[in-house]
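*Asks:* Provided below are the primary sequence and the corresponding predicted coordinates.
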Amino acid sequence: MSRFSASDAAVEGFRVIRSHWRLVVGWALFNVLGLIAATILAAVLIGIAAVASTTSATAGTVGGALGGLVLAFAAFAVEVMIVAALFRMLLREGPPGFLHLRFGPDELRVAVVWLVMLSAFVAGGLLALYLSSLAGRAGGWRIGIPAILVLFGALAWLALRLSLAAPIAVAERRIGFAASWRLTRGHTAALLGMAVLTFCLLAMIMAVAWIGLALISGAATGWRDLGLLLRTDAGALGERPGFYVAQLLAQFLFAPVLWVISQAPLVAAYRALRGEAQA
């Protein structure tokens, strides 16, 4: 196994899309169907809340909370299923089933890894801000700003050391924070390079996609509604519902492409570092 290459890993997602573009299209359609199903369920729950509530204010509060919870959970579950399917396709042999999609132990492990890391980094970020504010009050901005940079740098380093836990959850069927820590030892700089390159590629692709959507929307509407591309509020939905829904569907169709580009480099890193560890 050749040594880990940050540049090769960063473009792994493009190789996956080129080789398995039909699968990515299927995931895009599955993502949209998940959105539609979640929207229908949220609408039903909002209707039940409206009937069961005694006042319109209570109905709006309860219905909004239920609808938001359903949509957030559905979006998270669908993303976990697609990313786990990507990991399973690249890391394990076996029958593909329906687009490699399923909801089982792999998905639960990936969800646990993501939730643990999200909780840890939110808590760490809040702690970093608190400690930096204390440092700032004690010594002014000359201490506060460097303290913030150091603390968030430490969080970024920790994220890189634990970044392979999600692929390990599928490849080795376990919650592998300790395994990720061992595999990434001595490779933090290369992983940082991979992350920076991947982020730049994602930013470029999102910018090109937004420009393309703006051109298509402008040509279709006479360049009158481009401002709605920057809005996600209820007012935008009321002003141009068709335009708003089409924009939302386009985003959900394109989202799996971004997931593949952002997550496939982790698989490439895991394969290379696992090969080095076993060599």
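*Replies:* That came through fine. Numbers count the residues shown, from 1 in each chain.

*Asks:* Going along the chain, name the helices of the protein.
*Replies:* Per DSSP state H, the chain carries helices over the ranges 6-10, 12-19, 21-52, 56-91, 105-139, 141-161, 165-171, 177-183, 188-221, 234-239, 241-278.

*Asks:* Minimum distance to residue 99: which of those has it?
*Replies:* Residue 99 lies closest to helix 21-52 among the helices of the chain, at 4.4 Å (Cβ to Cβ). All C-beta spots, glycine's among them, are computed from the backbone N, C-alpha and C.

*Asks:* which of the residues in the closest one are buried?
*Replies:* The neighbour-count check on helix 21-52 (16 or more other Cβ atoms under 10 Å) flags 23-24, 26-28, 30-32, 34-35, 38, 41-42, 45-46, 49 as buried.

*Asks:* for stretch 3-16, same thing?
*Replies:* Under the neighbour-count criterion of 16+ other Cβ under 10 Å, stretch 3-16 has 4, 6, 8, 9, 10, 11, 12, 13, 16 buried.

*Asks:* so what's the fourth one scoring on pLDDT?
*Replies:* Note on residue 9: pLDDT of 91.

*Asks:* how near is it to residue 264?
*Replies:* Applying Cβ to Cβ, to the nearest Å, the value for residue 9 to residue 264 is 8 Å.

*Asks:* Stretch 250-260: how far from the chain's middle?
*Replies:* Centroid separation for stretch 250-260 versus its chain: 10 Å, with Cα atoms, centre = their mean, to the nearest Å.

*Asks:* neighbours of residue 123, just the number please.
*Replies:* Number of residues near residue 123 (other Cβ atoms under 10 Å) recorded here: 10.

*Asks:* Look up how far residue 117 lies from it.
*Replies:* Separation of residue 123 from residue 117 (Cβ to Cβ): 11 Å.

*Asks:* same deal with residue 26?
*Replies:* As judged by Cβ to Cβ, residue 26 and residue 117 stand 28 Å apart.

*Asks:* now residue 47
*Replies:* 36 Å.

*Asks:* if we can go back for a sec, ok, so of the buried residues of stretch 3-16, who is nearest residue 61?
*Replies:* Using Cβ to Cβ, residue 13 is the member of the buried residues of stretch 3-16 that lies nearest residue 61, at 41.1 Å.
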